[in-house]
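In: This is a predicted model, with the sequence first.
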Amino acid sequence: MQQAQDVDIIQSVLQGNKAAFAILVERYQSYVFTIVSRLIPIREEAEDVSQEVFVKAYLSLAGFKGTSKFSTWLYTIAHTTAISHLRKSRPDVVFADEYKMAAITDNHTTYHLPQYNSLRTAVNSCIKLLPPDDAEIITLFYMAEQSIEEIGVIMRMEPNTAKVKLHRARQKLKDIVERTYGKEKTLLYRN
């Protein structure tokens, strides 16, 4: 059985089948949470903001024009909602992970991570050491499979700027992997 397309589900919701929205929530909740948690490291807050994203999306669903993918539109809401939450709740926020990143890059010390069972877990641990914007752009490109143009829309920047930021984020990630696992383990990082 072929999965229902997002636009078909949206049409169903707009025609009164409100329960169909649960399909979209189930389909995208993991990615929305991942994007939000890259900006908001406190799990409970990230969960609350993720729920808020879906409420906003549901209430704004009639405004979805279909000029971009639904996922791009939803991730834009996720990005904006997370940034708004940070501005309201912590105007001078400094993420703990930034201290780890500074220790790795500035002091040239190795941050030893515990042994990981999977490559995905190891890479995610390194992504968590990136500054929030870099972690978000890596997540959008590799995990959410958004194009450079879509990332530009989501993060409100020109596609060329998004391309440059992605390149720089990749380089930071590669440096973290090399410092954490050593140069011989750079197979964890793929361009």
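Out: That came through, no problem. It should be emphasised that the depicted structure is a prediction, and the values quoted were computed from it without experimental measurement.
In: and stretch 25-38, how far from the chain's centre?
Out: 8 Å (C-alpha atoms, centre = their mean, to the nearest Å).
In: What residues of it count as buried?
Out: 25, 27-28, 31-38 (16 or more other C-beta atoms under 10 Å). The C-beta positions use only the backbone N, C-alpha and C, and glycine is treated the same way.
In: pretty sure residue 12 is in contact with residue 19, am I right?
Out: No - contact between residue 12 and residue 19 fails when scored by C-beta atoms under 8 Å: they sit 9.1 Å apart.
In: SS state for the nearest residue to residue 40 once chain neighbours are set aside?
Out: Distance criterion C-beta to C-beta, 6 or more residues apart in numbering; nearest residue to residue 40, sequence neighbours excluded, is residue 46 at 4.5 Å. Under DSSP: H, G, I helix; E, B strand; the rest coil, residue 46 falls in the helix class.
In: Residue 46 contacts residue 34, correct?
Out: No - contact criterion C-beta under 8 Å: residue 46 and residue 34 do not qualify, at 9.2 Å.
In: and the longest helix for the protein?
Out: helix 159-181 (DSSP state H).
In: now that one: mean pLDDT?
Out: When pLDDT is averaged along helix 159-181, the result is 91.
In: Quickly find the element holding residue 154.
Out: Secondary structure assigned from DSSP states H and E places residue 154 in helix 148-155.
In: buried residues in that helix?
Out: 148, 150-155.
In: about what we covered before: and for the residue nearest to residue 40, the neighbour number?
Out: A count of nearby residues for residue 46, using other C-beta atoms under 10 Å, gives 21.
In: and it, what pLDDT?
Out: Taking residue 46 on its own, its pLDDT is 95.
In: repeat for the one 4 residues further on
Out: Predicted confidence (pLDDT) at residue 50: the value is 97.
In: Check what contacts the host helix or strand of it and list those residues.
Out: Following DSSP H and E, one finds residue 50 within helix 43-60. Residues outside helix 43-60 that contact it (C-beta atoms under 8 Å, 6 or more residues apart in numbering): 13, 21, 24-25, 29, 32-33, 36-37, 40, 73-74, 77-78, 81-82, 85, 89.
In: Would you tell me what the next helix or strand after that helix is?
Out: helix 70-89.
In: Just give me the residue right at the centre of the protein.
Out: residue 35 (2.5 Å; C-alpha atoms, centre = their mean).
In: Spatially nearest residue to that one, not counting backbone neighbours?
Out: Closest to residue 35 by C-beta to C-beta, 6+ apart is residue 78, at 4.9 Å.
In: My guess is that neighbour contacts residue 37. True?
Out: No - the pair residue 78 / residue 37 is not scored as a contact, 10.3 Å apart, by C-beta under 8 Å.
In: what residue ranges in the protein are flagged as low confidence?
Out: 1-3, 90-119, 183-191 (pLDDT under 70).
In: Could you chop this structure up by domain?
Out: Split into domains by automatic domain parsing, the chain comes to 6-89, 96-188.
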